[in-house]
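Q: from the sequence below, what's the structure:
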Amino acid sequence: MRSMSKRRSPRPSVPNRTGLVFDERCFGHRNPPSGPSWLRVPPFERPERLAATFRALEGSGVLHKVERLSARSAPRTALELVHDASHVERVLAEPRETVMLDHEAWIGPGTRTAALLAVGGLLEAVAAVVAGDLRNAFVIARPPGHHAEASRPMGFCLLNATAVAARWVQLARGAARVAILDWDVHHGNGTEAIFRDDASVLTISLHQERLYPSDTGDVDAPGESVLNVPLPAGTGDAGYALAFDRVVEPAIRAFSPDLLLIGAGQDAAASDPLGRMAVTVPGFREMTDRAVELADECCGGRVVAFLEGGYSLRHLPAANLAILEGLARLPSSFPEDPVGCDVPHGLRDIEREAVEAAA
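A: Residues are numbered from 1 along each chain as shown. Modelled structure (predicted):
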């Protein structure tokens, strides 16, 4: 017997409220610049991602229409539900200077606090949504997590927050099945690897094919409940909409989860420096709207999004705002993309073929 009601409604005292986790202490984690001393290049994953987002949320007035949640540090026992103890020990070390742990994975003096709050903030949001205190939530934190494997940090990711949350909600709150939808432009290799042999967690990754990591994310990846949708460079809103039609929505309906987690990486945006996709701000709003409707249909509206990637300071703030507005069912601040990149319209045959290969 499943222990969570499929149609549980939020408590009357907070009807249809959307939660937001945002904590400035996550600014403390700092990746190093690159380049010679005479041409210092700032890192892609940096505190300005959150600072610019907060300015957009504040300026739009959306902060007055959502419920702010306080982040708490995640306990090590939760981290070790999916990570090896030795991995947790390495990540939570407190070096005086920046140290590289693995490929594009650094820790420094402020990393421990930020990393624990990012995971702990997601656990707080999941707990509130599962309890019915909130309808849904968005956790805007850093560092990101979906590349982190059980024993390996990589690609800016140190602790896999969505993986921790999925296993925690199963063990601590009785969720039988959890679906993780990851639309970051890079493959969610860490999340997939952690749950590869676990049929109780569905992982769906929409990503640019063979981008990062270059050797994972194929449609034929092994696993109990693994779905990959590798898309060609240049895919825009229409291609992602087709992926929802043909893959995402049928798979989540068939899986019938108790909770939907979203790995919300906005680096598929048209101006992102680490992707070659063409998604617009209205495209991120559409994906959010569809995820909310799917959660309403499948799991009583229980959906929590966690910020993964997204490195364009032009697109990221507006895309994050669009996601939060979508979760809160508010009118869109941007019915048209505010950045104005030239993007393709319609579907190409190569996009149709990629989606059909995954369907």
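
Q: against which helices or strands is the longest strand anywhere in the chain packed?
A: If you go by DSSP state E, the chain has its longest strand at strand 201-208. Judged by 3 or more C-beta pairs under 8 Å, 6 or more residues apart in numbering; DSSP states H and E, strand 201-208 is in contact with helix 161-173, strand 178-182, helix 189-195, strand 226-231, helix 249-255. C-betas here are computed from N, CA, C, even on glycine.

Q: with mean pLDDT and mean neighbour count added, can I get these in a markdown table?
A: Shown next, in a markdown table, are the helices and strands packed on strand 201-208 (pLDDT from 0 to 100; neighbours: other C-beta atoms under 10 Å):
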| stretch | mean pLDDT | mean neighbour count |
| --- | --- | --- |
| helix 161-173 | 98 | 24 |
| strand 178-182 | 99 | 28 |
| helix 189-195 | 98 | 26 |
| strand 226-231 | 98 | 24 |
| helix 249-255 | 98 | 16 |
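
Q: okay, those in a markdown table with distance to Leu39 next?
A: Output for the helices and strands packed on strand 201-208, formatted as a markdown table (distance: least, C-beta to C-beta, whole Å):
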| stretch | distance to Leu39 |
| --- | --- |
| helix 161-173 | 34 |
| strand 178-182 | 34 |
| helix 189-195 | 32 |
| strand 226-231 | 34 |
| helix 249-255 | 46 |
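
Q: before we move on, back to that, what angle separates the longest strand of the chain from strand 178-182?
A: 10 degrees (axes from the mean of the first three to the mean of the last three C-alpha atoms, to 10 degrees).

Q: number the residues from 384 up from this point.
A: Yes, from this point I'll number from 384; that puts the last item at strand 584-591.

Q: quick one: the helices in this protein?
A: Remark: helices assigned in the chain by DSSP state H are 431-443, 459-462, 468-474, 494-514, 544-556, 572-578, 620-626, 632-638, 664-682, 699-710, 732-741.

Q: tell me the contacts of Glu477?
A: Counting by C-beta atoms under 8 Å, 6 or more residues apart in numbering, Glu477 makes contact with Pro492, Thr494, Arg495.

Q: please pick the buried ones from these.
A: Buried residues within these, defined by neighbour count using 16 or more other C-beta atoms under 10 Å: Thr494, Arg495.

Q: which one of the contacts of Glu477 is nearest Arg429?
A: Thr494 (13.1 Å; C-beta to C-beta).

Q: for that closest one, which non-adjacent residue is spatially closest?
A: Spatially, and ignoring its direct neighbours in sequence, Thr494 is nearest to His412 (4.6 Å; C-beta to C-beta, 6 or more residues apart in numbering).

Q: identify the bridge partners of the residue nearest to the spatial centre of the chain.
A: Residue closest to the mean C-alpha point of the chain, counted by C-alpha atoms, centre = their mean, is Gly646 at 2.0 Å. With DSSP bridges as the criterion, Gly646 is bridged to Asp565, Phe689.

Q: from Asp580, how far off is it?
A: Applying C-beta to C-beta, to the nearest Å, the value for Gly646 to Asp580 is 20 Å.

Q: now Ala549, nearest residue through space, not along the chain?
A: Nearest non-adjacent residue to Ala549 (C-beta to C-beta, 6+ apart): Val561, at 4.3 Å.

Q: follow-up on the earlier one: measure the residue nearest to the centre of the chain to Ala652 for me?
A: To Ala652, Gly646 is 15 Å away according to C-beta to C-beta.

Q: again with Ala514
A: For Ala514 relative to Ala652 (C-beta to C-beta), the value is 33 Å.

Q: cool, and Cys409?
A: Taking C-beta to C-beta, one finds Cys409 at 21 Å from Ala652.

Q: and the two? Which one has more around it.
A: Ala652 (30 against 25; other C-beta atoms under 10 Å).

Q: what sits against the closest residue to the more buried one other than its chain neighbours?
A: Nearest non-adjacent residue to Ala652, counting by C-beta to C-beta, 6+ apart: His698, 3.7 Å away. When contacts are counted by C-beta under 8 Å, 6+ apart, His698 touches Gln649, Ala652, Ala653, Ser654, Asp655, Val664, Val722.

Q: also Met483?
A: Residues in contact with Met483 (C-beta under 8 Å, 6+ apart) are Trp489.

Q: cool, the one 5 residues further on as well?
A: In this structure, Ala488 makes contact with Ala531, Pro536, Met537, Gly538, Phe539, Cys540, Leu541, judged by C-beta under 8 Å, 6+ apart.

Q: between those, which is nearest Gly692?
A: Of all the contacts of Ala488, Phe539 has the smallest distance to Gly692: 7.5 Å, by C-beta to C-beta.

Q: per-residue pLDDT of the closest one, please?
A: In the predicted model, Phe539 carries a pLDDT score of 98.

Q: doesn't Arg432 make contact with it?
A: No: Phe539 lies out of contact with Arg432 (C-beta atoms under 8 Å); the separation is 10.6 Å.

Q: neighbour count winner among these two?
A: Between Phe539 and Arg432, Phe539 has the larger neighbour count (other C-beta under 10 Å), namely 27 against 24.

Q: please report how far the residue nearest to Thr599 when sequence neighbours are not counted lies from Ser588.
A: Closest residue to Thr599 apart from its sequence neighbours, by C-beta to C-beta, 6+ apart: Asn572 at 4.4 Å. Distance, Asn572 to Ser588, by C-beta to C-beta: 8 Å.
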